[in-house]
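In: sharing a sequence plus its predicted fold:
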Amino acid sequence: MSKEKEALLPSSETKAEKEKNLILFNDDINSFDFVIQTLMEICDHSPEQAETCAWVTHFKGKCPIKSGSYDQLNPYKLALLERKLTVSIQ
């Protein structure tokens, strides 16, 4: 393959750099029911998926709740922050 064509192909490192996770962190403020309801409403989680994320967050301190590019995740992050959940894009 010529160097010109190689330069046009996206590298796997570039794709990996763009892939981010929206992380939910445990807090002592929000109830399980509130977190589950919020994940269903904002992140379109099923009830089972939202409950699983809530339990993982409770026991491990954090849980990835969505993945994608920064631009895809940022609206979710902002909406969750408005509801006083502790989240970060990593």
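Out: Arrived safely, thanks for sending.
In: residue 45 and residue 18, how far apart?
Out: Residue 45 sits 23 Å away from residue 18, taking CB to CB, to the nearest Å as the criterion. In short, each C-beta sits where N, CA and C put it, glycine included.
In: okay, these two: which has more neighbours?
Out: Set residue 45 next to residue 18 and count neighbours by other CB atoms under 10 Å: residue 45 wins out with 19 against 13.
In: pretty sure that one sits against residue 63.
Out: No: Residue 45 is not in contact with residue 63 according to CB atoms under 8 Å; the separation is 11.2 Å.
In: what sits in contact with each of those two?
Out: Shared contacts of residue 45 and residue 63 (CB atoms under 8 Å, 6 or more residues apart in numbering): residue 53.
In: spatially central residue in this structure, please.
Out: Computing the C-alpha centroid of the chain and ranking residues by CA atoms, centre = their mean puts residue 22 first, at 2.1 Å.
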